[in-house]
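Novice: Kindly generate the corresponding structure for this input.
(2 chains)
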Amino acid sequence: MGYIPCGLHFDRLLSFTVAAGGSDGVADTVTETGAHDVEFRSVSKRYGDVVAVANVDLAIPKGAFVALLGPSGCGKTTCLRMIGGFEQPSQGTVSIDGRPMNGVPPYRRPVNMVFQHYALFPHLDVEANVSYGLRQMRPRIDRREVARRTAEALELVRLGGFAGRRIHEMSGGQQQRVALARAIVNRPAVLLLDEPLAALDRKLRTAMQIELQSLQRELGITFLLVTHDQEEALSMSDLVCVMNAGQVIQMAPPQEVYDRPGTLFVADFVGKTNRLPGVVEAGGGVLRLADGRRLSVASPAPGPVTAILRPEAIGIVQGEGGHDGLPGTVTHRIFLGNSVEYAVAADGLGEMLVTVDRGGAHRLVQPGDRVTLRFSPESLLVFST
Amino acid sequence: MAAAGNRRRSLVTAALAAPAALWLGVFLVLPFIAMLVFAFGRRAPEGGYTPAFTFEQFLNLPARSAAFLNTLMLAPAGALLCLLVAYPVAYYLAVRASPRHRLVLVSLIVVPFWTSLLVRTYAWMYILGSRGLPNLLEMIGISDVRILNTPAAVLIGIVYGYLPLMIMPIYVSLEKLDRRLLDASADLGARPMSTFFGVTLPLSMPGVMTGTALVTILLLGEYLIPQLLGGGKVFFIGNALVDLFLQSRNWPFGSAIAVTLVLVVVVVLTVAMRIAWRFAGTRRVDLV
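Specialist: Now for the predicted structure:
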C-alpha cells in the first residue's frame, strides 16, 4: 500500500489516542480522551531568537509508555523540562493531570525525573539518595515508613543489598537503577526519563530496556522517555512521538511509525531507508524512477515524489532476473550473524541497502556478483516532494 | 638503562626541590630550633638570651593570658564572621550572577587586595575613630558610641581584611557544583531552603573548610589589625611577641609564647583536618 501524507493536516494529528489498533496488552490500559496525564496546548519555548519548541500540541495518555524521539536539538528535552518545571513555556499551557502548571515550581509538581547522567547526590549513600524525595514530604512521613518505602523501591530495581553503598562505588548500570528508584519512590503521576540509557553499554542497555518496560507495567504510571535512539523508542514504548525542529511530526504506536511514517523525515529518522526519487505519472498508479524505469505503485496523486524502501523489504536474487526487478552489483557485504546487510550499486539508481534475514539457508552473495533486487510495490512508501 | 634513567630522574627531582628545601631549612627549621632552645633559656640582664635549661618561661605564660585569650577567641570568631559574610557573596557570585557580572564582581573583591593591608586598615582607624562612624551616629542622636580600640573594631577589621580569602575557596567549590543536582533536588520535592541545606551547603563544605582553616590560621598570627584597631587594648599574641622581642628584649619568654602558639596552631589544624576528612569521607565530591 503506497502512502501519501496529507501535508499539514498530518502534522496536526497529534492528540493521539491508542484505541483498538493498539499493539498489545498495554494499550488496553490506555483509555479514551480526557484521561491525559500530560497535555501541551500550543506550547512554544523561545530562548532569545531561538525557537526550541514551536506551537506544540501534545497529549500523553494515562498509563502509557511514550517516547519523545528526535535528533538532538529538536526540542524534546525542552518539552520534558517544561513538564518537570525547570523551564516555563514562552506561550501556551502545560497541564499535568488536568491541572495547568504555568508558574508551578518543580517541587510542587506530581512528576519525577530520571536525569541524563543520573544527577545522583554524591554526598549521600544509596539509601539517602532514594529516600530524599520521601524526606521532603510535608507533613513529614514517619521514619519507619520512609525506611520501608525506600527498601521497597530499592527492591523494585533489584538493589536490595546496596542501601549503604556510596554512589561512586556503584557501576553505571547500578547508578541508573538508583536514579530510577529515587524517581519512583514518591509515586509520581508521570515519570520523566531524559536519555536514561545513553551512558550504558549495548548489552546493559538492552537489559534495561526490558526492565524499564516491566517496571512501567508493574507501577502502572505514565512513563515519558526522551531519546534520540530510534531503536530504544521503538522497542520500549506504546507510543512514539517523533519531533523535529521544535515540532511534533508524528505520534503513533511504534509499528505504525515504522511501517507508515507520516513524513519523509520520520521515514528517514526511524529505521534505515533507500530513497528513490521519481514522478508519479498522471492518472496515478505508475511511478517513473530517475532512470526511466517504471514501477507500479498504489499511490493515486500524480507529481514528483520520493519513494522509500526499507532494506528488509528487498529480496536479493543472484543473476540478472526478469524485467520487474532492479539489476545491480553487490559492493559490500556486512555479516551480522542472524542477518546479512548488502550494499548494492543498482544500475542507474545509486547505492541501495538490502538486509536479508538468513532464515535457514540463505546462500550468501559475494561482493562483485550481479544480482537482481526484488520488492513488492506495496512496500514502497511514497511521499510527494 | 632503566636504572640510569631512574637515577637521572631522581637527580632532577632533587635539583628542583633543592631551592625550596634550602629556603625552608634556613628560614623555617633553623629559626624554629633556635626558638625552641631560647624558650628553655633565661633572659640576659642586658636583654636577649643566656643559655640555661628551665621551664620558668612556660610557667610564666599566664602573664600573657590576655593575649592568648584574645587570639583564641577573636581568631575563630573573626573567621566565623568572615564565613557568614563570605558565603552569601560567594553563593551570589557562583550561582546567581551572570558571567559578565561575575567578572566585574570578582575584580571588585580582588582588586582592593592588591593595595597594602596597612593602608586599608589605617583607613578603618579613621572610619571607626571618634571623627568617623561615632560622629555620624551622634548626628542622628546616638551618642557616646566607642568602636575603635574595642574587640568589635578588631572583628570589623578582620572581616574586611580576610573576606577575599574566605570568598574564593567557597566560590570555587560552589562554581563546580553540578546544577543538575539542584534540579534533581527540586524535582524530588525539596523547597529552595531544603535544597540549600540538603545539597548546596554539604557539597560546598570543602570550600568552607578550606576558607575557614586558612583564615583561622592566618588570624592566629595576626599583628597589624589588633595593633591599629585594638590600640593596645585588644591585642593578639603577635602584638605580645613584638612587644617582648623589640621592647623588653625578653627573648626566652617571647620564644616560649611563640612555641606555644605553634603548638596551638598544630592542634587546631589537626582537629580541623580530622573534621574535614570526616566530611571528605561521607561527603566526597565526585568531580567526574
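
Novice: for chain B, what are the nearby residues on the stretch 101-250 of chain A?
Specialist: By CB under 8 Å from any CB of the partner chain, the residues of the stretch 101-250 of chain A that approach chain B are A:105-107, A:111-113, A:115, A:117, A:119-123, A:132-133, A:136-137, A:166-168, A:182-183, A:186. All C-beta atoms are positioned from the backbone trio N, CA, C, and that covers glycine.

Novice: where does the chain have low pLDDT?
Specialist: I went with chain A, as the question did not name one. Across chain A, the ranges flagged by pLDDT under 70 are A:1-34, A:299-300, A:321-323, A:359-362.

Novice: sorry, should have said chain B
Specialist: B:1-2, B:276-277, B:279-288.

Novice: repeat that with 50
Specialist: Within chain B, the segments meeting pLDDT under 50 span B:282-288.

Novice: Now, of the residues of the stretch 101-250 of chain A next to chain B, which are buried?
Specialist: A:106-107, A:111-113, A:115, A:117, A:119-123, A:132-133, A:136, A:166-167, A:182-183, A:186 (16 or more other CB atoms under 10 Å in any protein chain shown).

Novice: who's in contact with stretch A:348-359?
Specialist: Residues outside stretch A:348-359 that contact it (CB atoms under 8 Å, 6 or more residues apart in numbering or on different chains) are A:272, A:274, A:276, A:289-293, A:309, A:311-312, A:314-316, A:326, A:328, A:331, A:338-346, A:362, A:373.

Novice: likewise stretch A:136-149?
Specialist: A:107, A:131, A:134-135, A:185-186, B:188-191, B:194.

Novice: can you tell me the distance between the two ends of that stretch?
Specialist: From its first residue to its last, stretch A:136-149 covers 14 Å (CA to CA, to the nearest Å).

Novice: Then stretch A:118-131?
Specialist: Start-to-end, stretch A:118-131 (CA to CA) is 15 Å.

Novice: which ones among the residues of the stretch 101-250 of chain A next to chain B are found in strands?
Specialist: Assigned to strands by DSSP state E, the following of these qualify: A:111-113.

Novice: Point out the other helices and strands that the lengthiest helix in chain A packs with.
Specialist: Secondary structure of chain A per DSSP state H: the longest helix is helix A:202-219. For helix A:202-219, the elements it packs on are helix A:172-184, strand A:190-194, strand A:222-227, helix A:230-236, judged by 3 or more CB pairs under 8 Å, 6 or more residues apart in numbering or on different chains; DSSP states H and E.

Novice: how does it look with 7 Å?
Specialist: helix A:172-184, helix A:230-236 (3 or more CB pairs under 7 Å, 6 or more residues apart in numbering or on different chains; DSSP states H and E).

Novice: Give me whichever of those is most buried.
Specialist: Compared across these, helix A:172-184 shows the largest average neighbour count, a mean of 23 (mean count of other CB atoms under 10 Å in any protein chain shown).

Novice: A:Gly70: what's it in contact with?
Specialist: Counting by CB atoms under 7 Å, 6 or more residues apart in numbering or on different chains, A:Gly70 touches A:76, A:228, A:242-244.

Novice: List the buried residues in the longest helix of chain A.
Specialist: So for helix A:202-219, counting by 16+ other CB under 10 Å, buried means A:205, A:208-209, A:211-213, A:215-216.

Novice: Weed out the non-buried ones from the contacts of stretch A:348-359.
Specialist: Among those, the ones that count as buried by 16+ other CB under 10 Å are A:274, A:276, A:289, A:293, A:309, A:311-312, A:314, A:316, A:326, A:328, A:340-344, A:346, A:373.

Novice: got a list of what B:Leu72 touches?
Specialist: Taking CB under 7 Å, 6+ apart, one finds nothing in contact with B:Leu72.

Novice: again, but for the one 10 residues further on
Specialist: Contacts were defined as CB under 7 Å, 6+ apart; by that measure B:Cys82 touches B:158-159, B:162-163, B:166, B:215.
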